[in-house]
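**Student:** okay, here's the prediction I keep looking at, along with the sequence it came from:
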Amino acid sequence: MKNKKVAIIGAGITGLTSAFYLKKAGIPFRIFEKSDRIGGVMQTKTDGTFLYETGPNSGVISHAEMADLFSDLKGKCTLEIADDASGKRLIWKGKSWHALPSGLFSAITTPLFSLSDKFRVLGEPFRKKGNNPLEDLASLVKRRLGNSFLDYAIDPFILGIYAGNPAYIVPKYALPKLYNLEQNYGSFIGGAIKKARIPKTEDDLKANRKIFSAKGGLKNLIAALAEEIGSEHIQLNTSIQIVDSAFTVRINDKNEHFSDVIYTGITPNISDLMPFIDTKHFEPLEKLHYAKVVEASIGFKNWQGIKLDAFGGLVPFKEDKNILGVLFMSSLFKNRAPESGALFTVFSGGIRKAYLAELPENELKTIIGNDFKEMMGLKTFTPDLFELNYYKHAIAQYGADSEARLAAIEHIEKEFKGLYLAGSMRDGVGIADRVKQGKNIAKQIAN
Ligand SMILES: Cc1cc2nc3c(=O)[nH]c(=O)nc-3n(C[C@H](O)[C@H](O)[C@H](O)COP(=O)(O)OP(=O)(O)OC[C@H]3O[C@@H](n4cnc5c(N)ncnc54)[C@H](O)[C@@H]3O)c2cc1C
C-alpha cells in the first residue's frame, strides 16, 4: 500500500468515484482529464429560468453502491428521488400516448399489444428456454413473448437505455438479469415470481430502483465528489500517454511513475494511449459500437400542452418518428422550470437513425419541433429554451462482440497487473453501473 500511486484517466463519474474511494482508503492518486472541466458527459446548466441536464438526466438506484455514494456524501449533496409520476411510462402508438401497463387490468385492456400476444403471454412460463448465449434481444422476446411486446415494450425500453436496436443487443451482456431469469428459472414470469420470494439482503434493499438526481442537478453530485477529492488532485486540460508496462506516464513532456492506472474513457484509439501493448489486443475494444445521439433541452415558461403526469414518453422505431423519446423533467424533479412552465429533454438519433444526430441545429429544430408539437399537444413550437448537445459516442452497444471484448480486457489486465480498463466498455452503461465499477476498482487496488 505504501508504494501505491494511482493514475486515473478521466474525470467523469467513474474516475471521480474511484478517486473518492481511493482517498478514503488513504491511497495517493492523480486524475488526468483532457477537457477543461470535470463531470465527463454529466453536466447541469442554467439559463436563469430553466435548470437542465446535458448528458444523463437522471439515474436509477440499481446498485447498493449508488445509494452508498449519496450516504457517503451526506452534507455535501442531497439525493433527490423523482416524483411518483415517474412510475408511469408512456409509449407512442398511432396518434397518441398510451401508458405501459402496470397491473393486470391495464395489461388486458392496453392497445399496445395484440390480443394474440396477450394470450400468448399466459404460455410464457411453459416455453422452452433458449440455448444460444449470443441470441439477440429481439429474437429472445419474439420467442418468449411475441412481436407486439418486442415492438411496443422492449424496443422503446432499449431506445430509452441504449438508443439501440434490440436485434443487435445481446441480453447476456446488456441485460444480464433478464438473461439469467430465463437461464436460471426457465421463464421471465416464473423467474420473477420466484426471485421476489427470495429474502432480500441489505444491499438488495438499498438498490430500490428508484429514479434519482441530486438536488439542484447532477452537477452537485460531481461538485461534491470533487470537493471531497480535492482539486489539487485533478489535472484538467491534460492528455497523457502510458509509456511502458511499468506505468511510466508521460505528462506534459515529463515522466512520472504510477503503480496502477485506471482508464475510464471510450475505446476508439485506446491503443494510442498505451503503445507498449500490442495493438492486436485492443482490436476487439476498438470495434465497440457507440450510439450517436443528439439531446435537446426544451423549456416553456407557460406550458399549454398535454398533462405531464409521467416519467416521459418513448417512441417505438416502428412508429417511424424522428425522436426517440421525451423526458418530462420538470414533473420529475423540483425547481427545473417556472411554476407555470415545463422543461423537457428530447433525444434523437440512436443506432438506427444516427444521421439525425449529425444534422445542423436549424434543421433539427424543425424536425424535433414537428414531432414534439404533435405528441405534446401544441399548436406551434415556440420554446423559451432550445439547446442541442451532440454526442458522437453516447452509449456503448453490448452486442455479440462483447464476448471477444471482455476476453481481450481480461487478457490485457492479466498481463499488465495494475491496469484497469473501465468506463462503459464493460459492466453496464448507467450512472449506477459506473459508480459501482469505480468503487470496486478502488477496493481492488486497496486490497
Ligand atoms: C446523452 C446521454 C444520455 C445519458 N442518459 C443517461 C441516463 O439517463 N441515465 C443513466 O444512468 N445514464 C445515462 N447516460 C450514461 C451515463 O451518463 C454514463 O454512463 C456516465 O456518465 C459515464 O461516465 P464515465 O465517467 O464512465 O464517462 P465520461 O462521462 O465519458 O467521462 C470520461 C472522461 O474521461 C475523459 N477522457 C477520455 N479519454 C481521456 C484521455 N485519454 N486522457 C484524459 N482524459 C480522458 C473525458 O474527457 C471524460 O471527461 C447517458 C449518456 C449520454 C451521453
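**Tutor:** That came through, no problem. No experiment lies behind these values; they were computed from the predicted model shown. Numbers count the residues shown, from 1 in each chain.
**Student:** alongside the ligand, which residues does the stretch 1-150 of the chain contribute?
**Tutor:** The stretch 1-150 of the chain comes close to the ligand at residues 9-15, 32-35, 40-42, 55-59, as judged by C-beta under 6 Å from any ligand atom. Bear in mind the C-beta positions are built from the backbone N, C-alpha and C, glycine included.
**Student:** among the residues you listed, which are located in helices?
**Tutor:** When helices are assigned by DSSP state H, the members of those inside them are 13, 14, 15.
**Student:** ok, and the closest non-adjacent residue to whichever residue of the stretch 201-350 of the chain sits closest to the ligand?
**Tutor:** For the stretch 201-350 of the chain, the residue closest to the ligand is residue 265, as judged by C-beta to the nearest ligand atom, at 2.8 Å. Among residues not flanking residue 265 along the chain, residue 10 sits closest, at 5.0 Å (C-beta to C-beta, 6 or more residues apart in numbering).
**Student:** does anything pack onto the helix or strand where residue 195 lies? Which helices or strands?
**Tutor:** Secondary structure assigned from DSSP states H and E places residue 195 in helix 188-197. Taking 3 or more C-beta pairs under 8 Å, 6 or more residues apart in numbering; DSSP states H and E as contact, the helices and strands that helix 188-197 lies on are helix 176-185.
**Student:** does residue 67 belong to a helix, a strand or coil?
**Tutor:** helix (DSSP: H, G, I helix; E, B strand; the rest coil).
**Student:** skip the chain neighbours and tell me the closest residue to it.
**Tutor:** Once its chain neighbours are removed from consideration, residue 67 has its nearest residue in residue 206; the separation is 4.1 Å (C-beta to C-beta, 6+ apart).
**Student:** ok, which stretches of the stretch 301-447 of the chain are helices?
**Tutor:** Secondary structure of the stretch 301-447 of the chain (DSSP state H, counting those that start in this stretch): helices at 329-332, 361-376, 402-415, 431-446.
**Student:** tell me the mean pLDDT for the shortest one?
**Tutor:** Computed over helix 329-332, the mean pLDDT rounds to 97.
**Student:** send me that helix as PDB with only the CA atoms.
**Tutor:** Taking only C-alpha atoms (Å, rounded to 0.1, in the frame of the first residue of the first chain), the coordinates of helix 329-332 have been written out as PDB:
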ATOM      1  CA  MET A 329     -38.000  16.800 -16.400                       C
ATOM      2  CA  SER A 330     -40.000  19.500 -14.500                       C
ATOM      3  CA  SER A 331     -42.500  16.800 -13.400                       C
ATOM      4  CA  LEU A 332     -39.800  14.600 -12.000                       C
END
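**Student:** close to the ligand, is that helix?
**Tutor:** No. Looking at helix 329-332 against the ligand by C-beta under 6 Å from any ligand atom, there are no contacts, and the closest approach is 10.7 Å.
**Student:** which among the residues of the stretch 1-150 of the chain next to the ligand end up buried?
**Tutor:** Of the members of these, the ones counted as buried by neighbours, 16 or more other C-beta atoms under 10 Å, are 9-15, 32-33, 40-42, 55-59.
**Student:** narrow the residues you listed to those in strands?
**Tutor:** With DSSP state E as the criterion, strands contain 9, 32, 59 from among these.
**Student:** residue contacts, the nearest residue to residue 39 once chain neighbours are set aside?
**Tutor:** Closest residue in space to residue 39, ignoring its immediate chain neighbours: residue 222 at 4.3 Å, by C-beta to C-beta, 6+ apart. Shown in contact with residue 222 (C-beta atoms under 8 Å, 6 or more residues apart in numbering): 13, 16, 38, 39, 42.
**Student:** from what I see, the fourth one and residue 217 are in contact.
**Tutor:** No. Taking C-beta atoms under 8 Å as the definition, residue 39 is not a contact partner of residue 217, at 10.7 Å.
**Student:** quick one: end-to-end length of stretch 166-175, please.
**Tutor:** End-to-end distance of stretch 166-175 (C-alpha to C-alpha, to the nearest Å): 11 Å.
**Student:** run the chain-centre distance for it.
**Tutor:** For stretch 166-175, the distance from its own C-alpha centre to the chain's C-alpha centre is 15 Å (C-alpha atoms, centre = their mean, to the nearest Å).
**Student:** check stretch 103-122 too.
**Tutor:** For stretch 103-122, the separation from the chain centroid amounts to 29 Å (computed by C-alpha atoms, centre = their mean).
**Student:** which residues touch that stretch?
**Tutor:** The contact list for stretch 103-122, computed with C-beta under 8 Å, 6+ apart, reads 91, 93, 98-101, 145-149, 152-153, 189.
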